[in-house]
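>>> only the shape, not the letters, is given here:
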């Protein structure tokens, strides 16, 4: 601590002058000086190992100033109308109605794909847990789930004649009769 007090008292006027050249408010200069001293004090006994104390104190002070300026950076204003809720998507009814096709398409998938979709997508099981359950590596489990999703998507597009808009959202589909009436 005595070493720090010695080098601080020797270089403090220089540090203050350097900060005054960069900051317009005198109380801010004193705050940065105080924060810099606290940071230097936190170094404890390592202060005595510093070979260039002046450069070390300037580095601490410069970093403290940068931290303070970053903290004072003004925030970007919110866009006007940000508090208004976005409109509901127009095709929500279409997507909701498409849910009726899911049980039928799931029943048409092979058992492995159906299990992956049911556990990971419908029941919310993490893919890492699915991997442990099936004795697979995580990449293998992820691949299995992705392939199952792709086959389900293809089956939905073919079986329910789902069409997608240019952005990839469901645009329309032809409903199939429920599974109990068809089988």
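Nice, I can see it. Just so you know, these numbers come straight off a predicted model, no measurement behind them. Numbering: from 1, shown residues only.
>>> where does the protein have low pLDDT?
Across the chain, the ranges flagged by pLDDT under 70 are 1, 81-83, 85-95, 176-183.
>>> please enumerate the helices of the protein.
Along the chain, the segments classed as helices by DSSP state H run 2-20, 26-41, 53-71, 92-98, 102-108, 111-116, 127-134, 138-159, 179-182.
>>> what is the burial count for the residue nearest to residue 118 when sequence neighbours are not counted?
Leaving out its chain neighbours, the residue that sits closest to residue 118 by C-beta to C-beta, 6 or more residues apart in numbering is residue 106, at 7.1 Å. Using the backbone N, CA and C atoms, a C-beta is placed for each residue, glycine as well. For residue 106, the neighbour count with other C-beta atoms under 10 Å is 17.
>>> numbering from 58 from now on, please.
Fine by me, first position is 58 from now on; the one you just mentioned is residue 163.
>>> if I look at residue 196, how far off is residue 178?
18 Å (C-beta to C-beta, to the nearest Å).
>>> please name the nearest non-neighbouring residue to the spatially most central residue of the chain.
In the chain, the residue lying closest to the centroid (C-alpha atoms, centre = their mean) is residue 183, at 18.2 Å. Once flanking residues are discounted, residue 183 sits nearest to residue 177: 7.8 Å by C-beta to C-beta, 6+ apart.
>>> how near is that neighbour to residue 193?
From residue 177 to residue 193 the distance is 12 Å (C-beta to C-beta).
>>> who has more neighbours, those two?
residue 177 (20 against 15).
>>> residue contacts, residue 122?
Neighbouring residues of residue 122 by C-beta atoms under 8 Å, 6 or more residues apart in numbering: 76, 79-80, 89.
>>> okay, it and residue 87: tell me how far apart.
13 Å.
>>> can you check residue 205 too?
For residue 205 relative to residue 87 (C-beta to C-beta), the value is 64 Å.
>>> give me the more crowded residue out of those two.
residue 205 (22 against 13).
>>> for residue 198, which non-adjacent residue is closest in space?
residue 188 (3.5 Å).
>>> what count of nearby residues applies to the one you found?
18.
>>> what's the answer for residue 189, then?
Neighbours of residue 189 (other C-beta under 10 Å): 12.
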